[in-house]
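Engineer: build me a structure from this.
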Amino acid sequence: QVQLVESGGGLVQAGGSLRLSCAASGRIVTINSMGWYRQAPGNQRELVAESTSTGRISYGDSVKGRFTLTTDNFKNTVSLQMNDLKPEDTALYYCYGIMKTTIGGPQFNYWGRGTQVTVSS
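Structural biologist: Next up is the predicted model:
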């Protein structure tokens, strides 16, 4: 069983910063991808940032230049530094991972419960 636990959400004024963290635990053999999605009320879930096992990091267009994703492969954690936050960044932020729990077995998608980020104008 794999668990993803997020922390670091909260309320911040526009222009401020927040840092989200996510720790993956359980019988993890391989992490193929790990990152963050977000979903605002009435909107579809969208990619914020992700890191793949090749070391490639990609960002959603709306956060490029403001958000930075970092990973600690030894600790199976991923963090998202969010700077210059805007009211439109308000959403529930979900940590996700694409992982294998058995050698040679299939990969599965795992999701955290989400952490709320609210940016006031």
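Engineer: which one is residue 121 nearest to, not counting chain neighbours?
Structural biologist: residue 87 (4.7 Å; CB to CB, 6 or more residues apart in numbering). For every residue, glycine as well, the C-beta is placed using N, CA and C.
Engineer: pull the number of nearby residues for the one you found.
Structural biologist: Residue 87 has 11 neighbouring residues, counting by other CB atoms under 10 Å.
Engineer: any idea how far apart the tips of stretch 99-106 sit?
Structural biologist: 8 Å (CA to CA, to the nearest Å).
Engineer: so for it, what gets flagged as buried?
Structural biologist: Buried residues in stretch 99-106, counted by 16 or more other CB atoms under 10 Å: 99-101.
Engineer: same question, stretch 7-25
Structural biologist: Of all the residues in stretch 7-25, those buried under the rule 16+ other CB under 10 Å are 8-9, 12, 18, 20-24.
Engineer: just the ones of the residues you listed in strands?
Structural biologist: Within those, residues falling in strands by DSSP state E are 12, 18, 20-24.
Engineer: same list, these, but as JSON lines with distance to residue 46 and pLDDT please.
Structural biologist: Below are these laid out as JSON lines (distance: CB to CB, whole Å; pLDDT from 0 to 100):
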{"residue": "12", "distance to residue 46": "20", "pLDDT": "98"}
{"residue": "18", "distance to residue 46": "18", "pLDDT": "98"}
{"residue": "20", "distance to residue 46": "15", "pLDDT": "98"}
{"residue": "21", "distance to residue 46": "20", "pLDDT": "97"}
{"residue": "22", "distance to residue 46": "17", "pLDDT": "97"}
{"residue": "23", "distance to residue 46": "23", "pLDDT": "97"}
{"residue": "24", "distance to residue 46": "21", "pLDDT": "96"}
